[in-house]
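S.K.: Okay, structure incoming, though there's no sequence with it:
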Ligand SMILES: [Zn+2]
């Protein structure tokens, strides 16, 4: 509590503090809504326009990934590739706050419903899926991914040690 909070508490009790917190939260929400509605000056685009662009970019990327997998799941176990149809375009590096930076035709792959389910839950382990992805990367010559794979292995190793 700062001096202002203490004064408010003396005057109005905990209700006054709660009301003040609510007022501040509301002001924050309004400011955020205003930011979203306002066009970005440099680009001259609204939030919705930018969202539409993100969506269009993703559709384009999906189409490029599809040119490689041709509708067939890209999971492979040693030499044998899954024969099921692709259900999802999966971004292998999503979920680490790096999604946008690393999203590319090399980092995305098409998976069938079954393998997408396992991949999403890192079932049986993340390390297993890193190895599967590495096999896919090598089979397709997606060399930009090798350094990321090495980094991910190092990260997982560090995690295991500290656990
Ligand atoms: Zn599959």
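M.R.: Received, thanks. Predicted model, so just to flag it, every value in this text is computed and none were measured.
S.K.: Name the residues that touch the helix or strand hosting residue 51?
M.R.: If you go by DSSP states H and E, residue 51 is part of helix 47-69. Here helix 47-69 makes contact (CB atoms under 8 Å, 6 or more residues apart in numbering) with 36-37, 40, 43, 45, 74, 86, 89, 103-105, 108-110, 140. Where C-beta positions appear, they are placed from N, C-alpha and C, glycine not excepted.
S.K.: From these, which one has the minimum pLDDT?
M.R.: Within these, pLDDT reaches its minimum at residue 40, with 56.
S.K.: looking only at pLDDT, what's the mean for the helix holding residue 51?
M.R.: 94.
S.K.: does it come close to the ion?
M.R.: No: judged by CB under 5 Å from the ion, helix 47-69 stays clear of the ion, getting no closer than 10.4 Å.
S.K.: Show me which positions of that helix end up buried.
M.R.: 61, 65, 69 (16 or more other CB atoms under 10 Å).
S.K.: could you pull out the helices for the protein?
M.R.: Ranges of helices within the chain are 3-37, 47-69, 99-102, 113-120, 126-140, 144-162, based on DSSP state H.
S.K.: Would you show me how to pick out the buried ones of the contacts of helix 47-69 in PyMOL?
M.R.: Here is the PyMOL command that selects only those of the contacts of helix 47-69 that count as buried (16+ other CB under 10 Å):
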select buried, resi 74+86+89+103+105+108+109+110
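S.K.: The contacts of helix 47-69: which two are farthest apart?
M.R.: Using CB to CB, the contacts of helix 47-69 span at most 43.1 Å, a distance reached by 37 and 140.
S.K.: residues in the protein within reach of the ion, list them.
M.R.: Those residues of the chain that sit near the ion, judged by CB under 5 Å from the ion, are 73, 75, 82, 84, 112, 115.
S.K.: quick revisit: can you tell me which of the contacts of helix 47-69 are in strands?
M.R.: Among those, DSSP state E puts 89, 108, 109, 110 in strands.
S.K.: show me what contacts the third one?
M.R.: What it means is residue 109. Residue 109 touches 65, 69, 74, 89, 90, 92, 133, 136, counting by CB under 8 Å, 6+ apart.
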